[in-house]
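Undergrad: A predicted structure for the sequence below; I have some questions about it.
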Amino acid sequence: MVIFEYKLDGSKKQYAAIEEAMRVVQFIRNKCLRLWMDEQGISKNDLQVYCAVLAKEYPFATHLNSQARQASADRAWFAISRFYDNCKSHKPGKKGYPKFQHDNRSVEYKQTGWKLEPDGKHMTFTDGCGIGRLRLVGNPKQRIADFSTEQIKRVRIVHRADGYYVQFGVKAERVIEHVPTGKQVGIDVGLKAYYTDSEGNTVENPRHYRKAEQKLKRLHRNVSRKQKKSSNRKKARKQLARACLKVQRQREDFARKMASTLVSSHDLIAYEQLQIRNMVKNHHLAKSIHDAGWGTFISWVKAYGLMHTIPIIAVAPQFTSQECSACGAMVKKSLSVRTHICTSCGVILDRDHNAALNILAKALERTLGHRETSSSSEEGNASGQTASPRLSKQKTSKRAG
Ligand SMILES: [Zn+2]
């Protein structure tokens, strides 16, 4: 599914109608949840049936398109089934018992209840909510009108800090012809750099990371200084929300561009599987911005990998920074040591460069086993004409165990 997003331009009255639609979604979701809590053995199908009952009982609910109502019931089921899954898999800690929602900010239509105009610049919501005709604001190169109505599987309106947006979920096979480059690469997240690759190239963190970090810090302070529940605090929070949104977009944009460049210039990419969730818990702001950026980057690399049909391989993070990439010896070093100096073979490398080499080596060792992205031709690529003899030597000497 490819997502196309536009900002919605409409009147205050139309925005109010969107809000009303979101309240109906929340109402149906919460009602379904209540039914599940009150009665035993409620299934997904029961919720779908209940949806129709609700529409009869509460006339305002019928304003919302019927498929959108069904989608609201599905949301309740999604929360319930996630809870069941967590229980079944004995997930440690909280199981995520479904909660009632109070601040729903989205509504999802499927294939009815809306109409896109042939110019791709306007759309109309045709159900009883009265949202009406809205203008779509977005990148002119992004042409949603090129897709048929059958290809657009869902239309979701989202309320963000700076307005209303619409996302079109398009079912399209976007396969890009990959021009083989004969290059395979491992990448390592540095503490300072965005990433370092196994060729020794470094991509620096974008300048806006630093700027954003300072601005967010200031705005955070601003919010906490204002009196609770005051209108000034509300204003400050709004400012903070907008700044966060901006950072998120810049991060996304940078990640997408970097990922596209990386994928189109290599035939295989290996990266270290990090526990992003644990890392973001770190309250150091600069670091959490960086980590979130890394997570976004990797998901774009995977997405582009699929389009280009090249293998993107995750490797376990153990010892990637400690091992010598040339001879396999263990060279223990703390985080502050930036250079890898091997006491056994004498090789001197930048710490992250050494790690990136190890990551690539680990990936090449197991390319015939599990992989995240697969393509028909990768067997040939991955078995490694470009892998240096060093790698195969390592395999037999050190890493076999
Ligand atoms: Zn060595």
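TA: Right, received. Where do you want to start? Please read these numbers as outputs of a predicted model, since none were measured by experiment. Residues are numbered from 1 along each chain as shown.

Undergrad: look up the closest residue to residue 3, ignoring the ones flanking it.
TA: residue 167 (5.2 Å; C-beta to C-beta, 6 or more residues apart in numbering). Bear in mind the C-beta positions are built from the backbone N, C-alpha and C, glycine included.

Undergrad: and the one you found, what element?
TA: strand 163-170 (DSSP states H and E).

Undergrad: then residue 75?
TA: helix 66-88.

Undergrad: can you give me the neighbour number for the closest residue to residue 241 other than its chain neighbours?
TA: The shortest distance from residue 241 to any non-neighbouring residue, by C-beta to C-beta, 6+ apart, is to residue 161 (3.8 Å). For residue 161, the neighbour count with other C-beta atoms under 10 Å is 14.

Undergrad: so what sits opposite residue 323 in the bridge?
TA: residue 330 (DSSP bridges).

Undergrad: surely it meets residue 340?
TA: No - if you go by C-beta atoms under 8 Å, residue 323 and residue 340 don't touch, sitting 9.1 Å apart.

Undergrad: let me see the contact set for residue 93.
TA: By C-beta atoms under 8 Å, 6 or more residues apart in numbering, the contact list for residue 93 is empty.

Undergrad: actually residue 72, not the one I typed
TA: By C-beta under 8 Å, 6+ apart, the neighbours of residue 72 are 24-26, 28-29, 32, 51, 64, 108.

Undergrad: re earlier: so what's the residue nearest to residue 241 scoring on pLDDT?
TA: You'll see residue 161 listed with a pLDDT of 90.

Undergrad: now the helices for this protein?
TA: 12-38, 44-57, 66-88, 207-225, 231-264, 276-280, 285-308, 351-365, 378-382, 389-397 (DSSP state H).

Undergrad: re earlier: anything in contact with each of residue 323 and residue 340?
TA: Counting by C-beta under 8 Å, 6+ apart, the residues touching both residue 323 and residue 340 are residue 331.

Undergrad: and for residue 27, nearest residue in space, chain neighbours not counted?
TA: Residue 27 sits nearest to residue 61 (C-beta to C-beta, 6+ apart), 6.8 Å away.

Undergrad: near the ion, which residues of the chain show up?
TA: 324, 326-327, 329, 342, 344-345, 347 (C-beta under 5 Å from the ion).

Undergrad: of the residues you listed, closest to residue 102?
TA: Nearest to residue 102 out of the residues of the chain next to the ion is residue 324 (C-beta to C-beta; 55.3 Å).

Undergrad: residues in contact with stretch 161-178?
TA: Taking C-beta under 8 Å, 6+ apart as the rule, stretch 161-178 contacts 1-8, 10, 15, 18, 123, 134, 136, 144, 147, 151-159, 238, 241-242, 244-245, 264, 267, 307-310.

Undergrad: and those, which are buried?
TA: Buried by 16 or more other C-beta atoms under 10 Å: 4, 6, 8, 10, 15, 18, 123, 134, 136, 144, 147, 152, 154-159, 244, 267, 307-310, out of the contacts of stretch 161-178.

Undergrad: about what we covered before: most neighbours, which of the residues of the chain next to the ion?
TA: Neighbour-wise, the residues of the chain next to the ion (other C-beta under 10 Å) top out at residue 324, 23 neighbours.

Undergrad: what separation is there between the residue lying closest to it once chain neighbours are set aside and residue 326?
TA: Sequence neighbours aside, residue 342 is the residue nearest to residue 324 in space, at 4.2 Å (criterion: C-beta to C-beta, 6+ apart). Distance, residue 342 to residue 326, using C-beta to C-beta, to the nearest Å: 6 Å.

Undergrad: ok, residue 150 next?
TA: 56 Å.

Undergrad: swap in residue 72?
TA: When residue 72 is compared with residue 326 (using C-beta to C-beta), they lie 58 Å apart.

Undergrad: circling back to that earlier point, what sits opposite the residue nearest to residue 3 in the beta ladder?
TA: Bridge pairing for residue 167 - DSSP bridges - gives residue 5, residue 156.
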